[in-house]
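Student: got a sequence here, can you model it:
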Amino acid sequence: QAYSGTPPAEEKEKIIWVRFENADLNDTSRNMEFHEIHSTGNEPPLLLMIGYSDGMQVWSIPISGEAQELFSVRHGPVRAARILPAPQISAQKCDNFSEKRPLLGVCKSIGSSGTSPPYCCVDLYSLRTGEMVKSVQFKTPIYDLHCNKRILVVVLQEKIAAFDSCTFTKKFFVTSCYPCPGPNMNPIALGSRWLAYAENKLIRCHQSRGGACGDNIQSYTATVISAAKTIKTGLTMVGKVVTQLTGTLPSGATEEEILAHSNIRRSPLVPGIITIIDTETVAEGQVLVSEDSDSDGIVAHFPAHEKPICCMAFNPSGMLLVTTDTLGHDFHVFQILTHPWSSSQSAVHHLYTLHRGETEAKVQDISFSHDCRWVVVSTLRGTSHVFPINPYGGQPCVRTHMSPRVVNRMSRFQKSAGLEEIEQELTSKQGGRCSPVPGLSSSPSGSPLHGKLNSQDTYNNFTNNNPGNPRLLPLPSLTVVLPLAQIKQPMTLGTITKRTGPYLFGAGCFSIKAPCKSKPAPQISPSKSVGGEFCVAAVFGSSRSWFANNPGLKREKDQSKQFVVESLYIISCYGSLVEHVLEPRPLSTAPKISDDTPLEMMTCPRASWTLVRTPQWNELQPPFNANHPLLLAADAVQYYQYLLAGLVPPGSPGPITRHESYDSLASDHSGQEDEEWLSQVEIVTHTGPHRRLWMGPQFQFKTIHPSGQTTVISSSSSVLQSHGPSDTPQPLLDFDTDDLDLNSLRIQPVRSEPVSMPGSSRPVSDRRGVSTVIDATS
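Tutor: Below you'll find the model as predicted:
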C-alpha cells in the first residue's frame, strides 16, 4: 500500500519522537559477544525507540535485517525513555540493583505517584521482573534523560541533575543553564565521562584558550562586548522562552511587559557559552562556574556560538564536540584538549564550521560514524545533512575519505617536504591563517583568537623542544565544509526511488533493488507540503540490505569491508526506517584526480522497514524470559564488569583468582586506581615532520682553511711504523686545533673546491691544506 500510494486501510498510531539507543545490547566495548567482531562477522544490532502519543516501543534490527520487537507498552504519553546500561563497578562500589537489570528509565505524563504535575518524575522499571524499582520526583517538568555507565542525567528547565548509576542517589546538579526556545529546551551532551551544557555567562578566569572563530564578521570577543552592551535583547530572549514555557502572557505582549515578567538577573545572560565538566572529579552538590569557584571538575569553558545553543553531541571517543545554534546556518566542530590543572589552561580548537545554508532550521539530531570521519546533522524539516570531517582537522579529500581506514594527518610526502614550516612562514608574513586550499585561504573569520602567528611563540616552542604541544600557539586553521549529501524524508515510501519491484523479506522489511543513480527521483520535501515539524533520527551501521539481495549466501569476512562508509539508517516520524548507502567519490568536474581532490557523494536508499505500531497490536510487557535479548546482553555485560573489578560474579562456580606475579598485581595499592585503567587511557600524540636524510638535498659542502698545515700520510710514512711498546705514540695530525676559528668560516663559499677523491690525477701539492666538512643538518 505504501508503494502504490493508496491510502492505507488500517490506521497507525501517532509517533511523537524517535531515537536510536545505545545500551548493553549494542555495546561493543563491554559486551563479550562482540569482542571477536572482526573475525566472526558478529556485529551489534541497531536499537530503536519510538515514542507514541500513547506509550512507546523498542525495536532491535540485527545484522540479518529481520526486525525484532523487544518492548511495547501503552500507558499514556512518554516524553523521554532510556534503557540504562549496566554500571561500572569496583570492589568499593557495588550495584544495588544488579538482580533487577536491565532497567528502563521513563518520564511519562502520569508518574508513579499520580498526584504530581505531568512529566515531573522519573520511574525506573525492571525489564527482568516488571516492577518499578525507583522513582525520583521533581518540582518542574523533565525535558530529557541521558545516561552512561557512571551516571543518569535528568534534564530540567535551566537545570541538570545527575544521579549515581549504582545507587541512584543525587551526585551533582547544575542550575546555570542557558534556556533554549526548542525543540531541545535544555541541550546537553553526555559522553562516556564528560558532560557538556550551555552556560548562561562567560567567566573570564575559567575561559579556555580558543573556542569559536567568529562565523562572519566579528570576533567572539567583540560579540561578548556587544552582548554586554545589549542586555535588553538577551533578557527579551529569556522572557520569550519563559513565556513559551509558562504560557502566562498573551502572544502580543510588549517587550516591556516581558522584561517585567522575567526576573531580571544580576548579570546579563550571554548566549552560546559551553561548559564541559568531568562527571568523575566534579564535587558533589551544586556545580557553580563563577569568579569565586575553583575549577575542580571543569574541563573546558568557552564561547561556541553567538546565538543560543540548540543541540550538541560528543563523538564516540569524546574528544570532539559538535554544537549548533538556534539559527542552524553553521555547525561547529571543536576538539577538546584538556589540562590537568585548570580549564583556563585547556585548549579548544575550532576545527570545522559545517555550513548548512542560509535559511533558518532547528537541529534535532547529531550522529557520528564510528571512525569519526562523517557526521550527520538532522533538522526539524526532516532533512539529514552528511558532512565529511577528520578527527584531527584539515580539508576532507580523496586521501582521507576514500579509503576504508582512517589515514594519518600527514602523508609521507608532506612529512618529508617540510610543508608545515613553509606554511608557518607564509602565515607569519601574511598575518592571517593560511590554508593550502585555494579559495579558503581567507576563511570566514576575522577572529583575533586565530590571529597572527607570533614568531617569538614559534621560537619558544622549538627552543623548548616542543614542536607540537597542541595547547600552545599556533592554533590549527579552521576549515569550512559543505554537506556532501542532503537526504530529505519522502512523504510516502513510494517516492523514495524508482524500483524494479519490492521484495518482502524478514519482519516488515522491503529491499529496494535500485542502482545508485546520479540523478535521484524527485523527492517531496515534507516541510513544504505539510508545514509541520518532522522528527527524524539517524545512525551509522553496517549494511543490512546485503542479505536482502543475497539471502542464500553466507556473509563472508571481507563482505562488510567493501564499503568505504557504513550505511546510514534514518527513521522518520512515519515509522519507516530506511537504509541509505553512501558512496563518496572524487569530484567529477575535477580535471585530474589526486590525493587532494575534493569529494562528492552518491546516496541511494537500499532497504526499508515499516516499524510503526497499529492499535490492533498486542503489548509486549515485562517480566521477560531469561532468553530475551535485552536480558542476555545485561547478563553478559554485568558478568564482564565483575571480572574487570576482580570480583566473583554471582552464580559462578568458584572464586576467580588472579595469577599473581612477585610484585603482586593484586596487592593493596591496586584497586581503585588500577580498575579498568586501560579503557580510560586517552592519548593524543604529536610529532613534528619526520625528515629522513635521504628525503631531500640536505648536504652542504663547506671549506675549511686551517691555520696549520695538514700532514699528508703516505703508506711509507714513519708515523705509521711501530717503535715498540715503550715508545710514546706519535700524533697523526700535527696542526694546532686551537688556531682553527670555526666562526670565521664562510658558510656559503663563493665557489666550493672540488672534493679530493682517491686516485685523482691532481698532484698531492694541490690538495694540501684543503679538508672537507660534510654538514648534514636537517
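Student: quick one: low-confidence ranges for the stretch 301-450 of the chain?
Tutor: Applying pLDDT under 70 to the stretch 301-450 of the chain flags the ranges 420-421, 423-424, 427-450.
Student: quick one: the helices in it?
Tutor: Along the stretch 301-450 of the chain, counting by DSSP state H, counting those that start in this stretch, helices occupy 398-401, 412-417, 419-430.
Student: how about the contacts made by residue 353?
Tutor: 213, 215, 330-333, 444, 478-481 (CB atoms under 8 Å, 6 or more residues apart in numbering). Bear in mind the C-beta positions are built from the backbone N, C-alpha and C, glycine included.
Student: which pair in the residues you listed spans the largest distance?
Tutor: Using CB to CB, the two most remote members of the contacts of residue 353 are 333 and 444, lying 14.8 Å apart.
Student: which of these two has more residues huddled nearby?
Tutor: Neighbours were counted for residue 333 and for residue 444 using other CB atoms under 10 Å; residue 333 has more, 25 against 16.
Student: doesn't residue 375 make contact with that one?
Tutor: Yes. Between residue 333 and residue 375 there is a contact at 7.4 Å, judged by CB atoms under 8 Å.
Student: what touches both of those two?
Tutor: Common neighbours of residue 333 and residue 375, counting by CB under 8 Å, 6+ apart, are 322, 354, 389.
Student: quick one, what contacts the second one?
Tutor: Think residue 354. 322, 330-333, 375, 377, 385, 387, 389, 481, 483.
Student: same question, the last one
Tutor: Each residue near residue 389 by CB under 8 Å, 6+ apart is listed here: 333, 351-352, 354, 372-375, 396, 481.
Student: burial count for residue 294?
Tutor: 10.
Student: give me the subset of the contacts of residue 389 lying in strands.
Tutor: Among those, the ones falling in strands (DSSP state E) are 333, 351-352, 354, 374-375, 481.
Student: which two of those have the greatest separation?
Tutor: Among the ones in strands among the contacts of residue 389, 351 and 374 lie farthest apart (CB to CB), at 14.4 Å.
Student: any chance you could map the helices in this protein?
Tutor: All helices of the chain, identified by DSSP state H, fall at 37-40, 220-229, 231-246, 255-261, 398-401, 412-417, 419-430, 455-463, 526-529, 545-549, 629-644, 764-767.
Student: worst mean pLDDT among those?
Tutor: When the helices of the chain are compared on mean pLDDT, helix 526-529 scores lowest, with a mean of 33.
Student: redo the contacts of residue 353 as JSON lines? Include distance to residue 606.
Tutor: Formatted as JSON lines, the contacts of residue 353 follow (distance: CB to CB, whole Å):
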{"residue": "213", "distance to residue 606": "39"}
{"residue": "215", "distance to residue 606": "36"}
{"residue": "330", "distance to residue 606": "31"}
{"residue": "331", "distance to residue 606": "27"}
{"residue": "332", "distance to residue 606": "32"}
{"residue": "333", "distance to residue 606": "28"}
{"residue": "444", "distance to residue 606": "37"}
{"residue": "478", "distance to residue 606": "35"}
{"residue": "479", "distance to residue 606": "31"}
{"residue": "480", "distance to residue 606": "31"}
{"residue": "481", "distance to residue 606": "26"}
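Student: going by neighbour count, which of the ones in strands among the contacts of residue 389 comes out on top?
Tutor: residue 352 (27 neighbours).
Student: identify the residues contacting that residue.
Tutor: Here residue 352 is in contact with 332-333, 387, 389, 393, 478-481 (criterion: CB under 8 Å, 6+ apart).
Student: got it, and residue 330?
Tutor: If you count contacts by CB under 8 Å, 6+ apart, residue 330 has them with 215, 353-356.
Student: please apply the same query to residue 563.
Tutor: 404, 543, 581.
Student: buried among these? Make that a ChimeraX selection.
Tutor: With 16 or more other CB atoms under 10 Å as the criterion, this ChimeraX line picks the buried residues out of those:
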select :543,581
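Student: take the contacts of residue 563 and keep only those in strands.
Tutor: Taking DSSP E as the definition of strands, those contribute residue 581.
Student: any chance of the shared contacts of residue 333 and residue 375 in TSV, with distance to residue 110 too?
Tutor: TSV is the format used below for the shared contacts of residue 333 and residue 375 (distance: CB to CB, whole Å):
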residue	distance to residue 110
322	36
354	41
389	43
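Student: quick one: which of those residues is nearest to residue 71?
Tutor: For the shared contacts of residue 333 and residue 375, the minimum distance to residue 71 (CB to CB) is 29.9 Å, reached by residue 322.
Student: who does the closest one bridge with?
Tutor: On the basis of DSSP bridges, residue 322 is bridged to residue 313, residue 333.
Student: would you check that my belief about it contacting residue 335 is correct?
Tutor: No. Contact criterion CB under 8 Å: residue 322 and residue 335 do not qualify, at 10.9 Å.
Student: between these two, which one's more packed in?
Tutor: Neighbours were counted for residue 322 and for residue 335 using other CB under 10 Å; residue 322 has more, 25 against 21.
Student: show me the strands in the stretch 101-250 of the chain, by range?
Tutor: Assigned by DSSP state E, counting those that start in this stretch, the stretch 101-250 of the chain shows strands spanning 103-108, 121-126, 132-137, 142-147, 151-156, 159-164, 170-174, 188-190, 194-199, 209-210.
Student: let me know the angle separating the third one from strand 142-147.
Tutor: Just to be clear, that refers to strand 132-137. 130 degrees (axes from the mean of the first three to the mean of the last three CA atoms, to 10 degrees).
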